[in-house]
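1. Could you look at this predicted model? Sequence included:
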Amino acid sequence: MSHPDNKGLKSIKFYVTTKYGCGYIENRSAQSMVATPYASIGSDIYDDLIYKGFRRSGQYVYKPHCEECQECIPIRLSPTLFVISRSQKRVIKKHAHITAKILPLQYSEEHYELYINYQNKRHRSKNDHENDMTDYHDFLIKSNVQSKLIEFRDQGKLVMVTIIDEMENGLSAVYTFYDSTNPKNSLGTFSILWLLNYSLNKKVPYLYLGYWIRKSVKMAYKINFKPYEILINDLWQEASE
């Protein structure tokens, strides 16, 4: 397992971005700390950065660095300790017929169309699509670490795509998009349950879910998987709500 004080980190520099609009809490600005140069961040250094609360978006590895807000809290799950709830068991039973296939991280027109539909239904106006293709490549397809793509199909129809990073210290769920025609399908929940089982089979100690944000409905679901750990003052600790 990588040590959290890997000497390779000494070759990495960090800078803080200018302020931009927060995508999770209304009427707030945000800043990020970004690790550079991104071309030097291989799997060993990435392991340690994830341990320290960073995330990956394309070739960029970052973590929130807001002066007046500490709402973004890194969260991870232990596959061996996870206790499935009754509602989560129902989700697995409901989607037992869905098949999953692990693929290299590469572009697919079918995946891209699902991504656009997901963005239009859940995150934005349909007219806001000027840089869709560039964004998709830059933030989802590009990677300097060991990344994979998992496609989920229901009787041959593509219903969900999950992008993951595989590390010595665990598995990082980078991004998931799915057919959101019926929100009650709980495909996002199914994805995490599938990843927990995958992590268990891979014998990795943790599944990293990015950030839990108490005040964001989009991120609140992450604490439905128990027990979970959060990173507070640079220390991972078990928490409960």
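-> That came through, no problem. Note that the structure is a prediction, hence the values are computed from the model and not measured. Numbering: from 1, shown residues only.
2. going forward, measure contacts between C-alpha atoms and count neighbours the same way
-> Will do.
3. so where does residue 238 fall, helix or strand?
-> strand 235-239 (DSSP states H and E).
4. Residue 144 in helix, strand or coil?
-> coil (DSSP: H, G, I helix; E, B strand; the rest coil).
5. That one touches residue 44, doesn't it?
-> No: counting by CA atoms under 8 Å, residue 144 does not reach residue 44; the two are 11.4 Å apart.
6. how about the spatially closest residue to residue 29 that is not a sequence neighbour, phi and psi?
-> What sits nearest to residue 29 in space, not counting adjacent residues and going by CA to CA, 6 or more residues apart in numbering, is residue 21, at 4.5 Å. Backbone torsions of residue 21, given as degrees, to the nearest 10, read phi -70, psi 130.
7. Would you check how far apart residue 21 and residue 28 are?
-> According to CA to CA, to the nearest Å, residue 21 and residue 28 sit 6 Å apart.
8. just residue 42 next, same as before
-> 33 Å.
9. who's in contact with the helix ranked longest in the chain?
-> The longest helix of the chain (DSSP state H) is helix 187-202. Residues from elsewhere that reach helix 187-202, judged by CA atoms under 8 Å, 6 or more residues apart in numbering: 79-80, 88, 91-92, 95, 160, 162, 170-171, 176-178, 205-207.
10. now swap in stretch 146-163 and tell me
-> 43, 97-106, 110-111, 114, 140, 164-167, 173-179, 187, 191.
11. helices and strands around the lowest-mean-pLDDT helix or strand in the chain, which ones?
-> In the chain, no helix or strand scores lower on mean pLDDT, DSSP states H and E than helix 217-220, which sits at a mean of 81. Under the contact definition 3 or more CA pairs under 8 Å, 6 or more residues apart in numbering; DSSP states H and E, helix 217-220 sits against strand 207-213.
12. And the biggest strand by length in the chain, what's buried?
-> Counting residues, the longest strand found in the chain (DSSP state E) is strand 157-167. With burial defined by 16 or more other CA atoms under 10 Å, the residues of strand 157-167 counted as buried are 158-167.
13. Indicate each strand paired with it and its parallel or antiparallel sense.
-> strand 147-154 (antiparallel), strand 170-178 (antiparallel) (DSSP bridges).
14. Deepest-packed of these, please.
-> strand 170-178 (a mean of 22; mean count of other CA atoms under 10 Å).
15. Identify all contacting residues around that strand.
-> Under CA under 8 Å, 6+ apart, the answer for strand 170-178 is 55-57, 114-115, 118, 140, 159-166, 187-188, 191, 199, 204-210.
16. For residue 237, which of the strands paired with strand 157-167 is the nearest?
-> Distance to residue 237, taken as CA to CA, is lowest for strand 170-178 among the strands paired with strand 157-167, at 16.4 Å.
17. quick one: that closest one to strand 207-213, angle?
-> If you take axes from the mean of the first three to the mean of the last three CA atoms, to 10 degrees, strand 170-178 sits at 60 degrees to strand 207-213.
18. per-domain residue ranges of the protein.
-> 7-71, 75-239 (automatic domain parsing).
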